[in-house]
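Participant: Let me see the structure of the following:
(one chain, ligands or ions: 1)
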Amino acid sequence: MAVAPTTETGTDADLPRIDRPVVLVGLMGAGKSCVGRKLAESLGLPFMDSDNEVEEAAGCEVRDIFEVYGEPAFRDCERRVIQRLLQGGPAVIATGGGAFMDPATREDVKAHAISVWLRADPEVLYQRTKRSRNRPLLAKDDPLQVLKDLAEQRYPVYAEADIVIDTGNEGLEKTLRKTIDALRLDAAGDTTS
Ligand code: S3P
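Facilitator: Numbers count the residues shown, from 1 in each chain. Okay, the predicted model is just below:
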């Protein structure tokens with residue numbers, strides 16, 4: 001009897017079949033890049049991070065793009081980068097927290113990808129982001145309040161994602177396992193999760 005090789009998250013036989021890009025959405029600090037990298041590894045897919053791709057295209061860091069060119073220029077670049085990434089076939093794509101708020105990007109993601117919202121409370125996100133220096137939206141006097149305000153504006157829109165994963169303070173492996181399980185159900189056509 002052939003035994004499926006084991007992976008960190010179970011056996012290869014347990015892995016969902018992915019035929020489109022998997023796009024991670026959520027607020028800053030939700031774990032899109034960390035979970036995304038691990039997810040890509042587990043699924044044997046390429047990993048891409050839209051912020052990194054924007055930085056590469058612009059030749060400077062996100063905070064410098066905001067400072068020198070302004071947020072609208074960042075959003076334009078982000079939209080074009082994600083449009084390109086979505087055309088590259090199955091992959092795991094971590095997006096910046098504002099990307100899914102852009103109506104054109106959202107439509108593009110809905111048409112070409114499986115979207116996964118990593119949901120967490122603003123307090124958890126604050127703890128995870130408080131030492132970050134490359135998040136211009138949080139470079140304010142009260143970043144926790146900024147996160148709370150963004151959650152209020154954005155969570156109803158993030159809720160349009162195909163899959164919602166509640167993350168809380170759990171470790172990366174647990175979020176990864178939950179994401180893979182949800183993708184497997186989604187691939188099997190089960191929409192009740
Ligand atoms: C932003 C989130 C950031 C980055 C930019 C704007 C946002 O990405 O794209 O600073 O609008 O929420 P992360 O969510 O990866 O931190």
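Participant: in the sheet, who's paired with the residue most central in space within the chain?
Facilitator: Nearest residue to the geometric centre of the chain (CA atoms, centre = their mean): Leu24, 2.5 Å. Beta-bridge partners for Leu24, by DSSP bridges, are Ala94, Val116.
Participant: show me where pLDDT drops low in the protein?
Facilitator: 1-13, 190-193 (pLDDT under 70).
Participant: Can I take it that Val164 is in a strand?
Facilitator: Yes. According to DSSP: H, G, I helix; E, B strand; the rest coil, the state of Val164 is that of a strand.
Participant: Let me see the contact set for it.
Facilitator: Applying CB atoms under 8 Å, 6 or more residues apart in numbering, we find Val164 in contact with 116-117, 119, 158. Any C-beta I mention is one placed from the backbone N, CA and C, and that applies to glycine too.
Participant: Just list whatever residues bridge to it.
Facilitator: Trp117.
Participant: Can you tell me how far it is from the ligand?
Facilitator: 17 Å (CB to the nearest ligand atom, to the nearest Å).
Participant: swap in Gly59?
Facilitator: 16 Å.
Participant: again with Val157
Facilitator: 12 Å.
Participant: what do you get for Asp76?
Facilitator: For Asp76, the distance to the ligand - CB to the nearest ligand atom - is 13 Å.
Participant: returning to what we had before: test my guess that the residue nearest to the centre of the chain contacts Arg119.
Facilitator: No. Counting by CB atoms under 8 Å, Leu24 sits too far from Arg119 to count as a contact (11.4 Å).
Participant: okay, and the common contacts of those two?
Facilitator: In contact with both Leu24 and Arg119: Ala30, using CB under 8 Å, 6+ apart.
Participant: The ligand: which of the contacts of Val164 is nearest?
Facilitator: Tyr158 (10.8 Å; CB to the nearest ligand atom).
Participant: rewinding a little: reformat the contacts of Val164 into CSV and put neighbour count next to each item.
Facilitator: Below are the contacts of Val164 laid out as CSV (neighbours: other CB atoms under 10 Å):
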residue, neighbour count
Val116, 26
Trp117, 26
Arg119, 20
Tyr158, 21
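Participant: what's near enough to touch the residue nearest to the centre of the chain?
Facilitator: Contacts of Leu24 (CB under 8 Å, 6+ apart): 30, 32, 35-36, 39, 92-95, 115-116, 118.
Participant: at 6 Å what do you get?
Facilitator: 32, 36, 94, 116 (CB atoms under 6 Å, 6 or more residues apart in numbering).
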